[in-house]
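Q: Sequence first, then the predicted structure:
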Amino acid sequence: MSEHRHRSGDLHQQNKGFKAGKHDSKGAIKRRAQGKIETNGTRQSIKNLAIVNNKDAMRQKHQKLVKSKKNELLERKRLGLPDQVAPRVVTIIKLSESCNTKKVKEMLLQKFKLNINTGEMEMDSEETSNTNNNNNNNYTTISLTSKVRMMLLECPTMAYDQIIEYCKLSDIILFVIDANQPKLNSEAERIFTIVKAQSVPTVIEIIQNFDQTPIKKRNELKKSIQSVFHFHFPDEPKVLPMDTNDECSQVLRYIENIHVNEIIWRKVRPYMLIEKSSYIAETKVVTIDGFIRGNNLSAKQIIHIPDYGDFQIEKIELIEDPHIRKKSYYTNNNNNGGEMDQDKKINILDKFDQKDRDTLQTWNVPDPMDNEQALPTAEEMKEIEANKKKKLVPKGTSGYQSSWYLDNESDEEEENFENEDLDMNQDEMGEDNQEEGAEDEQDEMGEEEEQEEEEEQEELEEVKESNKWKGIKHKSQITEELLKDSDDEDEENKEDQSESEDEEERKQLQQDEILYPDEVDTPGNVPSRIRFSKFRGLKSFRSSPWDVKENLPIDYAKIFQFHSFNQSMRASIAILENAPAKPDMYVRIHLVNGPKELVERSNTTVKPDVAVGLYRYENKISLLHFSVEKHKSYEETIRSKEEVYFHFGWRKFSTSPIYSISSPNCDKQKFEKFLLPARNTMATIYGPITYPPAPLLIFNGKDCNELVATGYLSSVNPDRIICKRIILTGVIAKSISKKFVTVKDMFYYPEDINWFKKVELYTKMGRVGHIKEPLGTHGRMKCQFDGTMNQQDTVCMNLYKRVYPKWIKDDSPLLKLE
């Protein structure tokens, strides 16, 4: 009989839950503190983590805020900075064509009224604002409070090149999205990628036409937009609707109080948004006005203006801030501003010094006479005599007679050459006798004889082509004329073929490169010792030595190299610590031989113009290495040495990089034919020296229609070795024993086998071996391995050659001589 157990019914007693009252329970405090990292200080009890909302805590918080602001003001006075910081640059960018950025800008400014008589914008309250009434009317500066100002910019289109220029300058970005089209398209995804690749500034997303959505669906729509936006920017940025005046005021409050992210690569260099420019015809000087941002500026530095080039500074003047609040009591406390209001004089901060000023020359002009061989010194002559080989001659032979005796090696070579000549003469004599006999016996068949003679001539021509390299037995006998038809022309033909290939063929080649990396076919018409004469074998790619100064191209004589890059970078940064022009100052910079086109374009430009102060040596050309990754939206193939467009820091230019894979704990890196997706790759170019950090965006052309890859500057090092690897493969023709096999189809000449005899072999199944000797005259060879061989295995040989990127085009603005 089964045991009876009680089962609770529907009337089972249910006790009430515990009510903690107005204070937080221990469980609530634990749940709120879950995941937080404890500090190294004394541990606090759980009760101390409870939120206490009383007047004393609020008063204490306010006192701390006031104290921090006073300390900040005193610190700015101590450093010689103005009381008011430069206006925050706020840019409005739309994420779809249906968004109306002009309406957003009008709503942000509708709280202000323009006074035509005074040229000032006054708010309905006590707050005031000014606008920039100079050459460029696209910049509107607003004083939100007595200390916070905003410069409002609007990106008119969704073109990537314009968005990049605006994002480089922006402190706050307002992304506008249409509530009727909440899903992001591919263009919006790429815009987010561009913004994130250049370091993320403070971002706010504004929802337009949110009031047209039904009330019941608004909460759900906002959550979906917010989830997508937080996926790209995980720091929980604000997502705010903006259709009414109250919502507009809320956006302005967030702009006023939001924390502005510091972008390191932009902060380390002085830069200026050019608000006004003018041209002085008498001295050919261009003046530019604006706020200094980022770091200090000195007249010793070189100013770089994108699209125009590099220019030297004549002087830097401190002028009155045109955007300052006239009614603000902070203006009277500013010493610089007070002097300028009273005396109406311009204060010269810094002038150029010809000794300390950097030059505009970017590259060296090599002297071709440097390659000439110098006369040997006395020490070198002694070394030659010490290393001179001794000759064995008969007893009593004079010094003059001993010079006629040759070494044994040269005698053997001469005998080989004589034997080859005798064999050739005998073959020719035999062929002549056969032809004479044929003419006597077959006089009636003239037509057939002519055809046979033509075939024989063709065969003889082929033999001449193949015997072109027969006498070469040492690398010193290979001349540039012999390599001209084999190596250089093949590379040129490859480049021409890559340009004429269809995209489908290029994708097929890329797929083959992924499946069979670096494998090449051994040429049949050119000996391998000639075709691959620039290649060498390495015992270990990681540990085998390679001289970094060996056989450098002439382009290396044009570039600059640091003795210690980090030391030079620290010294260049230390120069600006005592520079007189500080951040947040409104200055006027005089540029020597400045660009007159800048003044003419400022009235019609749709892109903001920026002037950047360069560190010492940052305009010189050297070898730059970038860590890049192909963007997932770009599906076409990109070859090495194919021209692309770089947006690199503040610079932009066309270049032809080569790609390689960085090997850890190794002084050599392997060359890559294609920029492959989902792989961290190094791109190497000749370009202007830049101190890291610096972001990189790669586009397929100057129009910046398609984003190819993103990355950052890794190093500036001409000694970084990039090796191109080729793999010669052969198949096993016959197994002699377990470890000895006969390999074919790797070479076609016995001289090639002797040439590469010392290079190590390996198989795809993991065996390692070496060449013992050639077999016959058709390229077969006997090889020995360290284990039992499989008949289906493939024998491989690795050969390496150092490669270099293409030199900059002659018409490039990067090349400049003083």
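A: Ah, there it is. Just so it is clear, the model here is predicted, and its values are computed rather than measured.

Q: Look at the residue lying closest to residue 81 once chain neighbours are set aside and report its pLDDT.
A: Nearest non-adjacent residue to residue 81, counting by CB to CB, 6 or more residues apart in numbering: residue 582, 5.2 Å away. In this view, the C-beta of every residue, glycine as well, is placed from N, C-alpha and C. Listed pLDDT for residue 582 reads 89.

Q: do residue 175 as well
A: Per-residue pLDDT puts residue 175 at 94.

Q: can you check residue 290 too?
A: Residue-level pLDDT assigned to residue 290 equals 92.

Q: related to what we said a few turns ago, the residue nearest to residue 81 and residue 218, how far apart?
A: 48 Å (CB to CB, to the nearest Å).

Q: Looking at the two, which is more packed in?
A: residue 582 (19 against 15; other CB atoms under 10 Å).

Q: which helices and strands sit right next to the helix or strand hosting residue 176?
A: In this structure, residue 176 sits in strand 172-178 according to DSSP states H and E. Contacts defined by 3 or more CB pairs under 8 Å, 6 or more residues apart in numbering; DSSP states H and E place strand 172-178 against strand 88-94, helix 101-109, strand 202-208.

Q: Which strands border that strand, and is each parallel or antiparallel?
A: With DSSP bridges as the test, strand 172-178 is paired with strand 88-94 (parallel), strand 202-208 (parallel).

Q: Dead centre of this protein: give me the residue that sits there.
A: In the chain, the residue lying closest to the centroid (CA atoms, centre = their mean) is residue 626, at 3.7 Å.

Q: Do I have it right that residue 205 meets residue 175?
A: Yes. Using CB atoms under 8 Å, residue 205 is in contact with residue 175, at 4.7 Å.

Q: Can you name the residues in contact with the helix or strand harbouring residue 64?
A: For residue 64, the element it lies in under DSSP H and E is helix 55-78. Residues outside helix 55-78 that contact it (CB atoms under 8 Å, 6 or more residues apart in numbering) are 82-83.

Q: Disregarding residues adjacent in the polypeptide, which is nearest to residue 607?
A: Closest to residue 607 by CB to CB, 6+ apart is residue 165, at 4.8 Å.

Q: Tell me the confidence at that neighbour?
A: 91.

Q: so which helix or strand takes in it?
A: Element membership of residue 165 [criterion: DSSP H and E] is helix 160-169.

Q: By mean pLDDT, flag the weakest helix or strand of this protein.
A: helix 330-333 (a mean of 36; mean pLDDT, DSSP states H and E).

Q: got a pLDDT number for residue 475?
A: Model confidence at residue 475 (pLDDT) stands at 51.

Q: got it, and residue 565?
A: For residue 565, pLDDT reads 92.

Q: Kindly state the beta-bridge partners for the closest residue to it other than its chain neighbours.
A: Closest residue to residue 565 apart from its sequence neighbours, by CB to CB, 6+ apart: residue 716 at 5.9 Å. Note on residue 716: beta-bridge partners residue 624, judged by DSSP bridges.

Q: contacting residues for residue 716?
A: 562, 565, 622-625, 689-690.

Q: redo that, cut-off 10 Å
A: By CB atoms under 10 Å, 6 or more residues apart in numbering, the contact list for residue 716 reads 560-562, 565, 568-569, 617, 620, 622-625, 687-692.

Q: With residue 79 instead?
A: 296, 582-583.

Q: Dump these into TSV; add distance to residue 529 and secondary structure as well.
A: Compiled in TSV, these are given as follows (distance: CB to CB, whole Å; DSSP: H, G, I helix; E, B strand; the rest coil):
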residue	distance to residue 529	secondary structure
296	60	coil
582	66	coil
583	63	coil
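
Q: What mean pLDDT does the helix holding residue 64 get?
A: pLDDT averaged over helix 55-78 gives 83.

Q: how about it as CSV, C-alpha atoms only?
A: Output of helix 55-78 as CSV, limited to C-alpha atoms (Å, rounded to 0.1, in the frame of the first residue of the first chain):
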residue,chain,number,x,y,z
LYS,A,55,19.3,68.7,2.3
ASP,A,56,22.7,68.4,3.9
ALA,A,57,24.0,66.1,1.2
MET,A,58,22.6,68.3,-1.6
ARG,A,59,24.2,71.4,0.0
GLN,A,60,27.6,69.6,0.4
LYS,A,61,27.5,68.5,-3.2
HIS,A,62,26.8,72.1,-4.4
GLN,A,63,29.7,73.4,-2.3
LYS,A,64,32.1,70.9,-3.8
LEU,A,65,30.9,71.9,-7.3
VAL,A,66,31.5,75.6,-6.6
LYS,A,67,34.9,74.9,-5.1
SER,A,68,36.0,72.9,-8.1
LYS,A,69,34.9,75.7,-10.5
LYS,A,70,36.9,78.2,-8.5
ASN,A,71,40.0,76.0,-8.5
GLU,A,72,39.6,75.5,-12.2
LEU,A,73,39.5,79.3,-12.7
LEU,A,74,42.6,79.8,-10.6
GLU,A,75,44.4,77.1,-12.5
ARG,A,76,43.6,78.8,-15.8
LYS,A,77,44.9,82.1,-14.5
ARG,A,78,48.1,80.4,-13.3
